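> From the sequence below, what's the structure:
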Amino acid sequence: MKKPTILILLFLFPAVLISQTSLGFFAGLNNSKLKGDSPKKASYKSLMGLNAGIYLDVQFHKIVFLSFQPSYSQEGTRVSYKVTNQDKAVDSLRIRFNYFSLPILVKITSTNKKWYALSGIETGYLLNSFIDNGAEKENLNDDILKINVAIIFGAGLRIPLRFGRFFIELRYTQGLINLTDEPLEDTNSAIPRVKTSGMKLFAGYEIPLTKNKE
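Predicted coordinates for the structure are as follows:
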């Protein structure tokens, strides 16, 4: 079984080398929150965070690229509680998750290469997490799954420059697995069963590593 696999890899490797590839970097903001079970009289609200990374795009078709994007991503949420005699919920807690993420995405470009749509899977490894009540921070690392998996949909616009391309991009992400397995009735759990979700806005710059033969 090993020999056919090696032969396939040897066949594909030169194809990747001669295909059109681009290297880039990006930075932007996450507008994220949790979805799922919430404590009594509480709701999850959006929390801003940072996202930055690098990527490599490899062309597999005239308008189709495979993109590898190692990055640092801040996810999280605000927890708002309803307080007696107050009309609006009060933000009482902030929950933060910091991930090393590896999105693997498929990009489909327009024929002029300016507009593109993307979709794929993001796998995140938890670096650290905490809950902040305004007075102190409590570590949550032992309560949260180390791996998070999310699906991504998005679109972007490239702006050609003299050398390379500037781009802006908007993404929606939705977690596929619960961060904890604790039921809502478990009062000892800081976070019940929830998934991550959010919008991400990026800006970046990419440099073609191979010339476009078109």
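> partner residues bridging the residue lying closest to residue 133 once chain neighbours are set aside?
Nearest residue to residue 133, sequence neighbours excluded (Cβ to Cβ, 6 or more residues apart in numbering): residue 93, at 5.6 Å. In short, each C-beta sits where N, CA and C put it, glycine included. Note on residue 93: beta-bridge partners residue 79, judged by DSSP bridges.
> just checking, what packs against whichever helix or strand residue 33 is part of?
Using DSSP states H and E, the element containing residue 33 is strand 21-36. Packing contacts for strand 21-36, counted by 3 or more Cβ pairs under 8 Å, 6 or more residues apart in numbering; DSSP states H and E, involve strand 42-45, strand 47-59, strand 71-81, strand 165-175, strand 194-208.
> Only the buried residues of it, if you could.
Neighbour-count burial for strand 21-36 flags 21, 22, 24, 26, 28, 29, 30, 32, 33, 34, 36 (criterion: 16 or more other Cβ atoms under 10 Å).
> again with stretch 169-183
For stretch 169-183, the neighbour count (16+ other Cβ under 10 Å) marks 169, 171, 173, 175, 178, 179, 180, 182 as buried.
> now stretch 50-64
51, 53, 55, 56, 57, 58, 59.
> give me the low-pLDDT residue ranges for the chain?
Scanning the chain for pLDDT under 70 picks out the ranges 1-19, 83-91, 182-190, 211-214.
> Go again with 50.
1-2, 5, 7-12, 15, 18, 186-188, 214 (pLDDT under 50).
> still on that earlier bit, what is the nearest of the buried residues of strand 21-36 to residue 115?
Of all the buried residues of strand 21-36, residue 115 sits closest to residue 22, with 15.6 Å by Cβ to Cβ.
> check contacts around that closest one.
Residues near residue 22 by Cβ atoms under 8 Å, 6 or more residues apart in numbering: 56, 57, 65, 165, 206, 207, 208, 209.
> what do you get for residue 35?
Neighbouring residues of residue 35 by Cβ under 8 Å, 6+ apart: 44, 175, 194, 195, 196, 197.
> Please repeat the previous calculation with a cut-off of 10 Å.
44, 77, 174, 175, 194, 195, 196, 197, 198 (Cβ atoms under 10 Å, 6 or more residues apart in numbering).
> Would you quantify the distance from it to residue 104?
Counting by Cβ to Cβ, to the nearest Å, the separation of residue 35 from residue 104 is 23 Å.
> same deal with residue 33?
With Cβ to Cβ as the criterion, residue 33 and residue 104 are 24 Å apart.
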